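Visitor: Predicted model, plus sequence, below.
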Amino acid sequence: MTRFQKLVAATLAMTLALVIVGVIVRATGSGLGCPDWPFCYGQVIPPLEFKAWAEWIHRLIAAVIGIMVLGIVVLAVVDHRDRPGLIAASMGVVALVAFQAWLGRETVRLGNSGASVTAHLAAAMVVAGLLAFLLVRAGYPARLPARLPGPGGSQRLTLLIAFTAVAMFAMLIFGANVTAADAALIFPDWPLMGGALVPPFGDMPANAATLAFTHALHRYVGVLVGVALAGTWLAAWRGRRAGRVDATLYRLITVAAVLYPLQAVVGALQVWTQLAPWTQTLHVALAAFVWVAAIGATFVSYYGARGAALPAGAAGVPSGSPTRSGPSGSPTAGAAGSLPERPTRGGSTLGGMTRADTIRAYIALTKPRIIELLLITTVPAMVLATRDLPGTVDWIAWGWLVVWTLVGGTLAAGSANAINQYLDRDIDILMTRTRRRPLPAHAVRPEQAVVFGIVLGIIAIALLAWFVNLLAALLTLLAIAFYVFVYTILLKRTTTQNIVIGGAAGALPPVIGWAAVTGRVEVPALFLFALVFYWTPPHFWALSLRIAKDYAAAGVPMLPVVRGSAETTRQIFLYTILLVAISLIFFAVAKMGLIYLVAAVVMGALFLWRAGRLARTVSAEGTTAGAIRLYKFSISYLTVLFLAVAVDALVLIRIA
C-alpha cells in the first residue's frame with residue numbers, strides 16, 4: 001500500500017467506528033448526552049456521566065476524521081497530481097464530512113428527530129463508500145484502457161455487484177427509518193410478522209398500518225438484498241473457477257455473503273431481545289461492513305475489467321495475471337503506448353467531437369422518447385391516488401412531489417436505457433434501426449456509457465428517497481434491476497416471451513407514482529400496473545412486425561422471427577382483449593366515473609377493431625403497414641386512457 005492508501009484505509013476504519021459508536025449512542029439514549037454543540041455542557045471535557053461521554057467520544061471520532069480527510073486531500077495533490085479524479089473525489093470526501101458534521105449539529109438541535117438520524121447515517125455510509133472508491137482506485141494505473149477486450153459483457157458482473165450494493169444501501173436506510181419511526185417492535189415475531197408473511201395492513205388503524213408497513217418493507221428489502229447477494233456470490237464463484245475473477249474481488253464478495261446471514265440473525269435477535277443495545281449495535285455494524293465490502297467489490301470489478309486490457313507487466317498491473325488484475329500499490333500510470341487506439345466516429349476520434357455532439361450522444365443513451373411514454377403513466381396515477389387522501393390537499397407541495405417524482409423517474413429510466421445500450425451494443429450494430437445509436441456509432445465509449453447509466457440510477461434513487469419517499473425509491477430500483485437483469489440479460493436473447501415478462505419494468509411507473517403520494521401500494525395501483533403490462537405486448541409486437549428482419553439478423557428471438565407474422569398478430573389480438581377487459585374492471589375497482597368509462601370503451605373498441613383487422617389481413621408474408629398503424633394507435637390509446645384517469649379523478653363525475 002502507498003501512504004495515500006494507508007491513510008484512506010485508516011479513515012475508512014475510523015468512519016466505520018464512528019457508525020458503530022453512533023449506534024451505541026442511539027441505542028443507549030445518549031444522543032442528547034451533550035445537549036449543546038460543539039461543546040458538552042459548555043465544556044471541552046464532558047462531566048463524568050456515561051451518556052455525555054458516549055456522545056463526546058462520538059464527536060471526537062468525527063473530529064479526528066475531519067483532520068484525516070484533510071490529510072487525504074494533501075496526499076492526493078502531492079502523490080497523485082496526475083489523477084484529477086482522485087483529487088476531486090478526495091475533496092468530495094471533505095465536503096461530505098463537513099455536511100455530516102452539520103447534520104450532527106442539526107440532529108442535536110432537533111432532539112434526535114427520526115429524519116435527522118436517518119440522514120446522518122446515510123451520509124456516513126456515503127462517506128464510507130467514497131473512501132472505498134479512493135482506496136480501490138489508487139491501486140490501479142492512472143490511465144486505463146477506455147475499451148475492453150472481447151465483444152461485450154465484461155462489466156456484467158460489475159452491474160450485478162453495483163445493484164447489490166445499492167440495494168444494501170437502501171436496506172440500511174429502511175432500517176434506520178424503522179428505528180426512527182419507533183416501528184422496530186411493531187411485530188413481536190420473526191421471520192413472520194404477526195403470524196403472516198403479509199400483515200393485514202387494511203385491517204389496522206392508519207397509524208399502526210403505517211408503522212407496520214415501514215417495518216415490513218425493511219424485511220422485504222432484506223430478502224431482496226439476500227437474493228441479490230447470493231446471486232452475486234454465485235456469479236463470482238463461477239468466474240473465479242473460470243479464471244475471470246481475481247482473488248481480491250472474490251474475497252470481498254465472499255465476506256459480504258458470509259456476514260449478511262449473520263446480520264439477518266442479529267436482526268431477529270433485536271426482536272427477540274426487545275431491542276437490547278448490543279443487538280442494535282451489532283446489526284448496524286454488520287450491515288455497514290457488508291455495504292463497504294459490496295461497494296468496494298463494485299470498484300474492484302470495474303477497474304479490474306479495465307486493467308485486464310493492459311499487457312502483463314504494465315505499470316501497476318501484476319505480471320502474469322491471466323485475466324483481471326487486482327489492485328496494486330503502484331500509483332504510477334501505465335505507459336501511454338499500452339493503451340488501445342481510441343474509437344472513431346466517421347473516421348475521426350471521439351476527441352474531435354464538439355461538446356454539443358457529446359451532450360446529444362449522452363441524451364440519446366437515455367432513449368428520451370421511451371421516457372416520455374413512461375412518464376405519461378406516472379402523473380395520472382398520482383392524481384388518482386390524491387383523490388382519496390384525507391383532508392385538504394396542499395397543491396403546492398403536491399406539485400413539487402410530482403416534479404421530484406418525474407425527475408427521479410426520468411433519471412431512472414435513462415439509467416436503465418443507458419445500461420441496456422451498453423449490454424446490447426454487440427447486436428445494436430447488426431440492426432439497421434439501432435446501428436446509429438451512440439455506442440455502435442462510437443459516439444460514446446462503452447465504459448463511459450455504463451458508468452453514466454449507474455450514476456444516473458444512483459442519483460435517481462437518492463432524489464426519490466430524499467424528496468419523495470423510500471418506497472418510491474425502492475420500486476424505482478426494482479424497475480431498473482428488472483429491465484437490466486431480467487429483460488436485457490436473461491430474457492431478450494433467450495425467449496419469445498421476452499417482451500411479455502420484461503414489460504413489468506415499464507409497467508412500474510404508475511405504481512411508483514401511487515407510492516409517491518400514499519407511501520403504499522394499493523389495489524388500484526396494481527391494476528394500473530396490469531394495464532401497462534398487458535398493453536406492452538400488442539404495442540411492441542406491432543413494431544417488431546416491421547423490424548423482424550433486424551431481429552433475425554441480430555439473433556434476437558422476437559415472436560415474429562420465431563413464430564411468424566400470423567401467430568404474432570393473433571397474439572396481439574388476444575392480449576388486446578385482456579387489456580380492454582382489465583381497463584373495464586379497473587373502472588369498478590378504482591370507482592372511476594363517466595369520463596374514464598367513455599374513454600375506456602371507445603378507445604378499447606378501436607384497439608380491438610384495429611387488432612382484429614390486423615389479425616385477419618396480415619399473412620405470414622403480408623404487409624406491415626397495418627402493424628405500424630396499430631403501433632402508433634397503441635401510443636394514443638395509452639395516452640388517452642391515462643389522461644382520462646387523471647381528468648376523471650379531478651372532475652369526479654360519478655355514475656348513479
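Guide: Alright, I've got the coordinates.

Visitor: Point out where the protein drops to low pLDDT.
Guide: Within the chain, the stretches with pLDDT under 70 are 31, 107-114, 145-154, 308-352, 618-623, 652-656.

Visitor: Val258 and Ala553: what is the separation?
Guide: Here the distance between Val258 and Ala553 works out to 46 Å (C-beta to C-beta, to the nearest Å). Glycine gets a C-beta too; all of them are placed from N, C-alpha and C.

Visitor: let me fix that: Thr298
Guide: Here Thr298 is placed at a distance of 35 Å from Ala553 (C-beta to C-beta).

Visitor: who has more neighbours, those two?
Guide: It is Thr298, of Thr298 and Ala553, that has more neighbours when counted by other C-beta atoms under 10 Å, with 29 against 14.

Visitor: helix or strand for Ala465, which one?
Guide: helix 446-467 (DSSP states H and E).

Visitor: Only C-alpha atoms, please: export that helix in CSV.
Guide: Taking C-alpha atoms only, helix 446-467 is exported to CSV below (Å, rounded to 0.1, in the frame of the first residue of the first chain):
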residue,chain,number,x,y,z
PRO,A,446,-18.7,1.6,-23.7
GLU,A,447,-17.1,2.2,-20.3
GLN,A,448,-18.4,5.7,-20.1
ALA,A,449,-21.8,4.6,-21.1
VAL,A,450,-22.1,2.0,-18.3
VAL,A,451,-20.7,4.5,-15.7
PHE,A,452,-23.2,7.1,-16.9
GLY,A,453,-26.0,4.6,-16.5
ILE,A,454,-25.0,3.6,-13.0
VAL,A,455,-24.5,7.2,-11.9
LEU,A,456,-27.9,8.2,-13.3
GLY,A,457,-29.5,5.4,-11.4
ILE,A,458,-27.8,6.3,-8.1
ILE,A,459,-28.8,10.0,-8.5
ALA,A,460,-32.4,8.9,-9.3
ILE,A,461,-32.7,6.7,-6.2
ALA,A,462,-31.2,9.3,-4.0
LEU,A,463,-33.5,12.1,-5.2
LEU,A,464,-36.6,9.9,-4.8
ALA,A,465,-35.5,8.7,-1.3
TRP,A,466,-34.9,12.3,-0.2
PHE,A,467,-37.6,14.3,-1.8
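
Visitor: Would you mark the buried spots in that helix?
Guide: Along helix 446-467, the positions that meet the burial threshold by neighbour count (16 or more other C-beta atoms under 10 Å) are 446-454, 456-465, 467.

Visitor: what do you get for stretch 272-286?
Guide: 279-286.

Visitor: which non-adjacent residue is nearest the residue nearest the centre of the chain?
Guide: Among the residues of the chain, the smallest C-alpha distance to the mean C-alpha position (C-alpha atoms, centre = their mean) belongs to Leu477, namely 3.5 Å. Nearest residue to Leu477 in three dimensions, chain neighbours excluded: Ile461, at 5.5 Å (C-beta to C-beta, 6 or more residues apart in numbering).

Visitor: ok, the one you found - contacts?
Guide: Residues in contact with Ile461, defined by C-beta atoms under 8 Å, 6 or more residues apart in numbering, are 166, 170, 408, 412, 473, 476-477.

Visitor: Tell me how far Ala465 lies from Ala472.
Guide: Relative to Ala472, Ala465 is positioned 8 Å away (criterion: C-beta to C-beta).

Visitor: try Asp246
Guide: 37 Å.

Visitor: Those two: which is more packed in?
Guide: Neighbour tally, Asp246 and Ala472, criterion other C-beta under 10 Å: the higher count belongs to Ala472, 26 against 23.

Visitor: Packing partners of the host helix or strand of that one?
Guide: Ala472 belongs to helix 470-481 when assigned by DSSP H and E. For helix 470-481, the helices and strands in contact under the criterion 3 or more C-beta pairs under 8 Å, 6 or more residues apart in numbering; DSSP states H and E are helix 156-180, helix 206-241, helix 395-423, helix 446-467, helix 509-518.

Visitor: Save those as CSV, and put in distance to Lys632 too.
Guide: Formatted as CSV, those follow (distance: least, C-beta to C-beta, whole Å):
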stretch, distance to Lys632
helix 156-180, 34
helix 206-241, 38
helix 395-423, 21
helix 446-467, 29
helix 509-518, 21
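
Visitor: now for those, which one comes closest to Asp79?
Guide: Comparing the helices and strands packed on helix 470-481 by their distance to Asp79 (C-beta to C-beta), the top pick is helix 446-467, with 24.3 Å.

Visitor: so how far is the closest one from its chain's centroid?
Guide: The chain centroid and the centroid of helix 446-467 are separated by 7 Å, computed with C-alpha atoms, centre = their mean, to the nearest Å.

Visitor: now the angle from it to helix 156-180?
Guide: The directions of helix 446-467 and helix 156-180 differ by 10 degrees, with axes from the mean of the first three to the mean of the last three C-alpha atoms, to 10 degrees as the criterion.

Visitor: which residue sits closest to Ala646, ignoring its sequence neighbours?
Guide: Counting by C-beta to C-beta, 6+ apart, the nearest residue to Ala646 once its immediate chain neighbours are dropped is Pro380, at 3.8 Å.

Visitor: circling back: for the contacts of Ile461, please prepare TSV with the additional fields distance to Thr179.
Guide: Written out in TSV, the entries for the contacts of Ile461 read as follows (distance: C-beta to C-beta, whole Å):
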residue	distance to Thr179
Val166	21
Ala170	15
Gly408	25
Ala412	27
Ala473	18
Thr476	23
Leu477	21
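
Visitor: Contacts only, for Ala548.
Guide: Counting by C-beta under 8 Å, 6+ apart, Ala548 makes contact with 558, 560-561, 565.

Visitor: Neighbour-wise, which one of those leads?
Guide: These, ranked by neighbours (other C-beta under 10 Å): first place Pro560, 28 neighbours.

Visitor: Skipping adjacent residues, who's closest to that one in space?
Guide: In space, and not counting its chain neighbours, Pro560 is closest to Ala548: 4.1 Å by C-beta to C-beta, 6+ apart.

Visitor: Distance check, that neighbour against Val561.
Guide: On the measure of C-beta to C-beta, Ala548 and Val561 end up 5 Å apart.
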